[in-house]
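# attaching a predicted model along with its sequence, questions to come.
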Amino acid sequence: MANSSSRFDPLKNSKLNESWQRSEKQRRRRIAHLQLLASIQNFFWPTSLKFVFVIYVSALATSVSYFGFQKLPSAVTVSVLLTQLLVGLRQFILFLLLRYNRWLLEVKPSILSQLWFKAVSLFSSSLPNWFSGNWLLPSYPSPPQLRQTVNMFLSSMEPCLSEEKYEDVSRKAESFLIQEGPILQRKLHRRALMSRNWLAPWWIEYGYLRCRMEVYRTFMSAIGPQVRLTDHWIDSAALIAYGSYQYLVHKLATRELPPSASHGVIPLEMKYLDYITGGCRVPKEEIDSYHWTPAWKDAFIVVHAKGRYFKLFMHDSSGQQISPGNLSDMMQEMFRESKLNPRQLDPSVFTYLPRENWAQTYKMLVSDDQNRRIFEEISRAAFVVHLVDGVETFQQTLDCLSDSQFQLWCDKSLNIVVNTAGYMYYCCEHSHCDAVLLASILSDFCLIARTKLTTPSGKLDETKFPRNTHYPDYCELVWKIPEETFRVYEEAKREIGQSPSLKSRVCLRKFYLDRSLIKACRMGPDSFIQSVLYWAYFRKHGKVVNSYQPATLMYFKGINPIFPPHRILSQMEYLK
């Protein structure tokens with residue numbers, strides 16, 4: 001551990017450590033008070049607290065003039081009931097308005113949708129607070145009629161199958177409509193009636209946790225050498241770690257972030273954002289589990305360099321967040337120590353394996369209590385920052401995403417990677433996040449950092465970040481690797497290097513990172529790739545086929561609400 005007069009060991013019972021523990025309790029109480037205030041605001045939304053007070057005073061004055069001061073308790077009771085009635089009436093009208101969802105499927109808003117937008121804007125004049133609109137959002141739509149689903153499936157399959165195969169599929173579809181289909185459809189409708197989002201739990205369990213392939217990850221690159229945050233890559237790492245913690249942990253916990261609202265007025269489901277930090281998948285033999293702790297409670301991150309892992313606390317002895325300057329000093333010391341004495345075996349390699357293989361290795365590792373505690377620390381950390389050395393070009397950055405380099409803890413909900421070339425990217429375990437969200441968060445923060453948080457000469461602006469006086473020192477998380485794990489490690493490296501699925505994803509990642517063509521077309525990466533497939537099919541067969549376009553829409557209640565809108569007509573018209 002590095003020596004510094006301004007730092008203290010958080011694992012020892014020193015006076016500074018006692019002061020730090022007291023400040024941590026005060027910080028948690030302060031966040032709890034802010035969350036309580038936000039809950040009160042959410043209870044009255046879309047009516048602001050100021051307007052609620054005005055309504056209450058007006059109702060009280062009217063009640064007093066009617067009952068007189070002799071019956072003041074009755075006047076207070078009536079005014080409270082009248083205020084709640086008016087606020088509740090507005091909420092109920094907005095609740096009914098938000099049940100309309102035809103606007104989601106329209107390329108150009110119809111007259112009815114335009115009138116609906118104006119009505120929603122009228123009844124939700126104040127922008128929602130964080131999570132304000134969650135309880136007003138409609139439940140996830142019930143599944144469509146079985147015949148409609150089967151007909152769309154057949155029309156989508158017809159151009160893709162030979163005549164004989166299509167006839168065979170049609171016979172099986174008709175048999176399904178008569179036998180198993182109606183029974184399953186009734187069970188599905190019953191599930192939809194009894195839950196707010198009948199799809200989300202299945203999506204998480206069967207789409208992700210039960211999948212036995214490698215973990216699916218979302219990559220989003222942000223910055224190249226031409227637009228570095230600072231002139232030193234570790235300073236940039238400290239700045240991005242500071243901003244990500246403040247944005248995704250502190251402000252999210254205190255509900256200070258402005259919520260997403262379509263057209264500025266329609267509230268969107270925001271609960272799933274809590275799971276971006278402080279979460280981690282835990283490998284199991286049949287189905288993984290997901291460990292999540294609110295990141296603001298423990299308030300630390302993990303830094304990874306050269307196979308070594310360090311725990312870094314994010315608050316000082318007064319409860320203030322540690323400045324980028326202090327973070328940079330500690331990260332440089334960590335990297336220097338790691339470069340002098342790197343670890344030959346890095347357990348992050350195992351997270352790239354298919355889940356069955358990783359589950360067996362995980363069971364072997366956690367048989368030691370020290371390793372088990374390290375896994376728990378990584379799971380509870382807000383995110384993991386990876387410092388990658390020896391990367392000087394964009395092509396080498398792409399190679400780091402492939403099977404030739406290992407630096408990610410793939411099970412972690414959020415990884416932040418910074419390399420010596422100046423490139424940064426977020427990597428998120430996909431079950432609770434999507435690339436569009438990562439791109440938005442990273443782009444917004446980098447724009448602020450380049451314009452407001454650094455000097456024109458490329459240095460950290462120390463005037464914006466006063467350095468902390470007394471703050472916890474970092475501590476290393478030291479693995480105890482059994483001898484049999486070394487053999488598994490070498491086999492894992494060979495298996496990952498030969499993985500065709502991983503190599504195929506690398507091609508897509510390269511495409512995702514080079515976004516100039518996507519920006520020119522003004523569409524997202526998924527839409528672009530789907531359109532390319534449509535164009536290729538149209539050139540070969542001379543027609544455009546029907547298709548579902550999966551999309552993440554946050555309009556419906558649930559952690560990860562996936563809704564397949566029928567964008568068929570708009571796609572066909574656009575491509576033609």
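In hand now; what should we look at?
# can we go C-alpha only for contacts and neighbour counts from here?
Fine.
# so, low pLDDT: which residues of the stretch 151-300 of the chain?
Across the stretch 151-300 of the chain, the ranges flagged by pLDDT under 70 are 159, 219-231, 258-260, 262-264.
# quick one: the helices in it?
Using DSSP state H, counting those that start in this stretch, the helices found in the stretch 151-300 of the chain span residues 163-178, 180-194, 200-204, 233-245, 251-253, 295-298.
# any chance of a markdown table for these, columns distance to residue 24 and mean neighbour count?
Putting the helices of the stretch 151-300 of the chain into a markdown table (distance: least, CA to CA, whole Å; neighbours: other CA atoms under 10 Å) gives the following:
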| stretch | distance to residue 24 | mean neighbour count |
| --- | --- | --- |
| helix 163-178 | 60 | 13 |
| helix 180-194 | 41 | 14 |
| helix 200-204 | 34 | 16 |
| helix 233-245 | 16 | 23 |
| helix 251-253 | 15 | 19 |
| helix 295-298 | 9 | 22 |
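# ok, which of the ones you listed comes nearest residue 283?
Closest to residue 283 of the helices of the stretch 151-300 of the chain is helix 200-204 (CA to CA; 14.6 Å).
# pull out the buried positions in stretch 23-40.
By neighbour count with 16 or more other CA atoms under 10 Å, stretch 23-40 contains the buried residues 23-24, 27-28, 31, 34-35, 38-39.
# now, which of those sits nearest residue 490?
For those, the nearest to residue 490 is residue 24 (42.6 Å; CA to CA).
# so who does that closest one touch?
Listed by CA atoms under 8 Å, 6 or more residues apart in numbering, the contact set of residue 24 reads 315, 319.
# quick one: name whatever helix or strand follows the helix or strand residue 60 falls within.
Per DSSP states H and E: residue 60 is located in helix 49-67. Elements were assigned by DSSP H and E; along the chain past helix 49-67, the next helix or strand is helix 72-97.
# just to revisit the earlier point, list the buried residues of the helix holding residue 60.
52, 55-57, 59-60, 63-64.
# for residue 196, state which of those is nearest.
Checking those against residue 196 with CA to CA, the nearest one is residue 52 at 29.2 Å.
# pretty sure that closest one sits against residue 82.
No. Applying CA atoms under 8 Å as the test, residue 52 and residue 82 come out as separate, 10.9 Å apart.
# what mean pLDDT does the lengthiest helix in the chain have?
Counting by DSSP state H, the longest helix found in the chain is helix 15-44. For helix 15-44, mean pLDDT rounds to 85.
# between that helix and helix 49-67, how big is the angle?
Interaxial angle, helix 15-44 versus helix 49-67 (axes from the mean of the first three to the mean of the last three CA atoms, to 10 degrees): 60 degrees.
# so where's the stretch 451-576 of the chain uncertain?
451-462, 493-541, 543-576.
# follow-up on the earlier one: I'd like the buried residues of helix 49-67 as CSV, with distance to residue 302 appended.
As requested, the buried residues of helix 49-67 are arranged in CSV below (distance: CA to CA, whole Å):
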residue, distance to residue 302
52, 44
55, 49
56, 49
57, 51
59, 54
60, 55
63, 59
64, 60
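# which one of these is nearest to residue 305?
Looking across these and measuring by CA to CA, the closest to residue 305 is residue 52, at 53.0 Å.
# spatially nearest residue to the closest one, not counting backbone neighbours?
Distances taken as CA to CA, 6 or more residues apart in numbering put residue 83 closest to residue 52, at 7.1 Å, once the chain neighbours are dropped.
# need phi/psi at the residue nearest to residue 239 when sequence neighbours are not counted.
What sits nearest to residue 239 in space, not counting adjacent residues and going by CA to CA, 6+ apart, is residue 324, at 5.3 Å. Main-chain dihedrals, residue 324, degrees, to the nearest 10: phi -60, psi -30.
# what of residue 307?
Residue torsions, per degrees, to the nearest 10, at residue 307 are phi 80, psi 0.
# right, and it touches residue 346 too?
Yes. Under the criterion of CA under 8 Å, residue 307 makes contact with residue 346 at 4.7 Å.
# doesn't residue 415 belong to a strand?
Yes. Applying DSSP: H, G, I helix; E, B strand; the rest coil, one finds residue 415 inside a strand.
# so what pairs up with it in the strands?
Beta bridges link residue 415 to residue 384, residue 427 when assigned by DSSP bridges.
# so who does it touch?
If a contact means CA under 8 Å, 6+ apart, then residue 415 has 383-386, 408-409, 426-428 as its contacts.
# of all the residues you listed, which two lie farthest apart?
The most widely separated members of the contacts of residue 415, counting by CA to CA, are 386 and 428 (13.1 Å).
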